[in-house]
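# The following comprises the amino acid sequence and a computationally predicted model.
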Amino acid sequence: MRRSPISLTNIMLIVGAVIFVIYLYLADVTQIVATILSLDLRIALTAILIDLTCIGLFVLGWYLLLKNPGMSFKDCFEIVLVSIFGDLMIPTASISGEFFRVSLTVKRGKIQISEAAASVLLHRILLALTFGVVLLVSIFNLVGDQTAPFAEIYALGAIAIFDLGFGIAAMYMALRADLFERTVEKLAIKIGGFFKRFRPKYDPEKLRDSILGGFRTFVQAIKSVKPNTFILSFLVLTARWFLIAMIPYIMFISLGRPVSYWVVLGVTVFVSMVQMIPIGIPGMVGVMEVSMTAFFMGFGIPPALAASATILTRLVIFWFELVISAFAASLQGVRGLRMSNKI
């Protein structure tokens, strides 16, 4: 019997596991265990409620932009959980998760793919903008802290400014997407001509009309969002960043070693960007732990304490989310099988 070859995902999981083991060794696993054993479990468990609230705020920020009466908040929450599972298991800078989000929204909400894509795109742009704003807020509060290292502050500041510039440019392009209609039309004609080479009876005009129709629907979906909706979604997503930082902040408190909230906020927001790097390791196991611990240490936090708080934080924002998102994905799969059997 031939053995099945080891998949790339399994190889990358092994790589992540090796990185994590090395990380534990360098951070002194005995001190980490001793530190974690001093945990106040009652305080730490509140982090789970905070994480669920953060997911809810993420959903709400998108739900406001979707503006589809056929989609309830519960539907959006389930779809986001499935997208989280996709992101954790298929690390492609959130592309896999957004693909699931768009496709499930089209099926559940019975809307055009261009409308669903428009809401997800706007949501992602607002996430980028709020990322930069919150990172700047943490930096402004750290500047007056003489114990905070300037190198880390400058690095975070540069990232925040770059992110804000990128986010503003992306939002401008999204709101003025109609200016690119001629470019889209030319691209559609070229694609149609390419297909016609292989299929002489193929009608490139049909493809052109289809692509342009979808593009115009996409533009209309973006322009139909009211300014008040943008502002409200922006505020909701901003609040989410501040709340996410409460998870590691509470972990430090539960270990009896409170740390400046602004330090935790800056590190938490920055490390979320590291998670977007498409390295290929599911859940970024090992990489996220090393990144978060290293940045905490850069702000003068002892290695064992930094590693302990990081591991406890990852238990919530990775392993807990993996369990509930896997459950949601399973329910979605069962629902899909039932629907296919009815057809």
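Right, received. Where do you want to start?

# Determine how far stretch 103-120 lies from the middle of the whole chain.
19 Å (Cα atoms, centre = their mean, to the nearest Å).

# which other residues reach that stretch?
Residues outside stretch 103-120 that contact it (Cβ atoms under 8 Å, 6 or more residues apart in numbering) are 62, 65-68, 70-71, 75, 79, 82-83, 98, 101-102, 214-215, 217-218, 221-222, 332. Any C-beta I mention is one placed from the backbone N, CA and C, and that applies to glycine too.

# so of those, which ones are in helices?
62, 65-66, 75, 79, 82-83, 98, 101-102, 214-215, 217-218, 221-222, 332 (DSSP state H).

# Name only those of these that count as buried.
Buried subset of the ones in helices among the contacts of stretch 103-120 (neighbour count, 16 or more other Cβ atoms under 10 Å): 62, 65-66, 75, 79, 82-83, 98, 101-102, 214-215, 217-218, 221-222, 332.

# List the buried residues for the helix ranked longest in the chain?
Secondary structure of the chain per DSSP H: the longest helix is helix 113-143. Using 16+ other Cβ under 10 Å as the burial criterion, the residues of helix 113-143 that qualify are 114-139, 141-142.

# could you say which helix or strand contains residue 225?
Under DSSP states H and E, no helix or strand contains residue 225.

# which residues sit in contact with it?
Residues in contact with residue 225 (Cβ under 8 Å, 6+ apart) are 65, 67, 122.

# From what I see, the second one and residue 222 are in contact.
Put plainly, it is residue 67. No. Using Cβ atoms under 8 Å, residue 67 is not in contact with residue 222, being 11.1 Å away.

# per-residue pLDDT, the closest residue to residue 271 other than its chain neighbours?
Here the nearest residue to residue 271 in space, its sequence neighbours aside, is residue 292; by Cβ to Cβ, 6 or more residues apart in numbering that works out to 4.8 Å. Residue 292 is assigned 89 on the pLDDT scale.

# do residue 308 as well
We have a pLDDT of 92 for residue 308.

# That one and residue 294: what is the separation?
Remark: distance between residue 308 and residue 294 (Cβ to Cβ, to the nearest Å) = 14 Å.

# residue contacts, residue 151?
Residue 151 sits next to residue 298 when contact means Cβ under 8 Å, 6+ apart.

# secondary structure class for it?
helix (DSSP: H, G, I helix; E, B strand; the rest coil).

# in the stretch 201-343 of the chain, what spans have low per-residue confidence?
Scanning the stretch 201-343 of the chain for pLDDT under 70 picks out 202, 277-280, 334-343.

# Now do the helices in it.
204-223, 227-244, 246-254, 261-274, 287-298, 303-314, 321-342 (DSSP state H, counting those that start in this stretch).

# if I pick residue 314, what's in contact with it?
Contacts of residue 314 (Cβ under 8 Å, 6+ apart): 288-289, 292.

# ok, now how distant is it from residue 293?
The gap separating residue 314 from residue 293 is 10 Å, by Cβ to Cβ.

# Then residue 247?
15 Å.

# if I read this right, the residue nearest to residue 271 contacts residue 264, doesn't it?
No. Applying Cβ under 8 Å as the test, residue 292 and residue 264 come out as separate, 10.1 Å apart.

# related to what we said a few turns ago, out of the helices of the stretch 201-343 of the chain, the one nearest residue 149 is which?
helix 287-298 (6.1 Å; Cβ to Cβ).

# Could you tell me the angle between the direction of that closest one and that of helix 246-254?
Comparing the axes of helix 287-298 and helix 246-254 via axes from the mean of the first three to the mean of the last three Cα atoms, to 10 degrees yields an angle of 60 degrees.

# helices or strands up against helix 287-298?
helix 8-26, helix 150-175, helix 261-274, helix 303-314 (3 or more Cβ pairs under 8 Å, 6 or more residues apart in numbering; DSSP states H and E).

# Contacts for that helix next, please.
Against helix 287-298 from outside (Cβ under 8 Å, 6+ apart): 16, 19-20, 23, 27, 149, 151-152, 248, 259, 263, 267-268, 270-271, 274-275, 277, 279, 281, 303, 305-307, 309-311, 313-314, 318.

# just for the stretch 51-200 of the chain, where's the confidence low?
Short version for the stretch 51-200 of the chain, where the test is pLDDT under 70: 68-70, 91-94, 144-148.

# Please repeat the previous calculation with a cut-off of 50.
Of all residues in the stretch 51-200 of the chain, none has pLDDT under 50.

# how close does the closest residue to residue 79 other than its chain neighbours sit to residue 77?
Excluding its sequence neighbours, the residue lying closest to residue 79 (Cβ to Cβ, 6+ apart) is residue 104, at 4.6 Å. With distances taken as Cβ to Cβ, residue 104 is found 12 Å from residue 77.

# do the same with residue 311
28 Å.

# Quick check: phi and psi at residue 300.
Residue 300 has phi and psi values of phi 90, psi 10 when expressed as degrees, to the nearest 10.

# Tell me which residues are up against stretch 266-281.
Here stretch 266-281 has contacts from 8, 12-13, 15-16, 19, 91-95, 131, 134-135, 138-139, 142, 152, 156, 159, 163, 241, 244-245, 247-248, 284, 287-288, 291-292, 295-296, 299, using Cβ under 8 Å, 6+ apart.
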